[in-house]
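# Can you look at this prediction? I've put the sequence above it.
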Amino acid sequence: MNTIILQNSTDRCQPLTDLTSSIHCRHASRHNYSIMISHRHRDTSRHVAWEKVYMILDAVNQGYERIVWLDADTLWLGEPIETGQEAPLGMTFHLDEEYHHYNSGVIVAHASDKLELFLREWIDSSDENHKWWEQHPMNRLIEKSPGIAEAIGHEWNSLDYSEANRSDLPKIVAWHGRPDLACEGIAKWLGM
């Protein structure tokens, strides 16, 4: 399957992708995935977190069959990414047990017309300056169509500092918008 891994970082999160980019590139190469690590912020009227939605839509339009989004504060430990094919939308998100909503820090999407429509609706939605930026309207869209999204397990977005969202056997470790903790945590996971 034609797969791409996407990440974006600017400002305070760029040191995180500086730490992880060579590791993520090595893992992508081993699994024959493409990878794109960007430092863009094309819609400056919105928080940079919205860039993920534009990048996923771009990848769909470029013909990728599976698109994997990793927030800058995540560390992919190298397992092949084999999730999301059965989701009605072709898109999976981590279900955050602490806040009881879908988290967009790790997304696995399978290209389809339905996915493209969802992404365009997401882009056209309002973020209302919510503290979770793009996640809030994403969750509202999912609520409008129950069953459209599939939750992935904690192993795919294991929150290093939260008992409620941690996996004993993580595949992707995350710090959910905490770059201060992520720098330390990534260095620890990498044995630095």
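Ah, there it is. Since this is a predicted model, take the numbers as computed values, not measurements. Numbering: from 1, shown residues only.
# C-alpha from now on. contacts and neighbour counts both.
Noted.
# Tell me the helix or strand right after the helix or strand of the chain with the lowest mean pLDDT.
Lowest on mean pLDDT, DSSP states H and E among the helices and strands of the chain sits strand 158-159, with a mean of 72. Later in the chain than strand 158-159, the nearest helix or strand by DSSP states H and E is strand 172-174.
# Give me the most central residue, the protein.
Centroid-nearest residue in the chain: V106, 2.7 Å away (criterion: C-alpha atoms, centre = their mean).
# Wait, a strand at that one?
Yes. Under DSSP: H, G, I helix; E, B strand; the rest coil, V106 falls within a strand.
# so who does it touch?
V106 sits next to V68, W69, L70, D71, F93, H94, W156, N157 when contact means C-alpha atoms under 8 Å, 6 or more residues apart in numbering.
# quick one on the thing from earlier: give me the residues contacting the least confident helix or strand of the chain.
N165, R166, S167, P170, K171, I172, V173, A174, W175, H176.
# Let me know the closest of the residues you listed to H31.
The nearest member of those to H31, counting by C-alpha to C-alpha, is K171 at 14.2 Å.
# residue contacts, the closest residue to V48 other than its chain neighbours?
Nearest residue to V48, sequence neighbours excluded (C-alpha to C-alpha, 6 or more residues apart in numbering): H41, at 5.6 Å. Contacts of H41 were listed using C-alpha under 8 Å, 6+ apart, and they are T10, V48, E51.
# Just give me the least confident of the residues you listed.
Across those, the smallest pLDDT goes to T10, namely 87.
# Flag the shaky bits of the protein, pLDDT-wise.
Scanning the chain for pLDDT under 70 picks out the ranges 83-90, 99, 127-128, 160.
# Tell me where the longest helix sits in this structure.
Longest helix of the chain, by residue count under DSSP state H: helix 14-30.
# what packs against it?
When contacts are defined as 3 or more C-alpha pairs under 8 Å, 6 or more residues apart in numbering; DSSP states H and E, helix 14-30 sits against strand 3-8, strand 34-38, strand 74-76, helix 179-189.
# With respect to burial, which of these scores highest?
strand 74-76 (a mean of 25; mean count of other C-alpha atoms under 10 Å).
# could the contacts of strand 158-159 go into CSV alongside distance to H110 and neighbour count?
Listed next are these as CSV, based on distance: C-alpha to C-alpha, whole Å; neighbours: other C-alpha atoms under 10 Å:
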residue, distance to H110, neighbour count
N165, 24, 19
R166, 25, 20
S167, 24, 19
P170, 22, 20
K171, 19, 20
I172, 19, 22
V173, 22, 27
A174, 22, 32
W175, 25, 24
H176, 23, 21
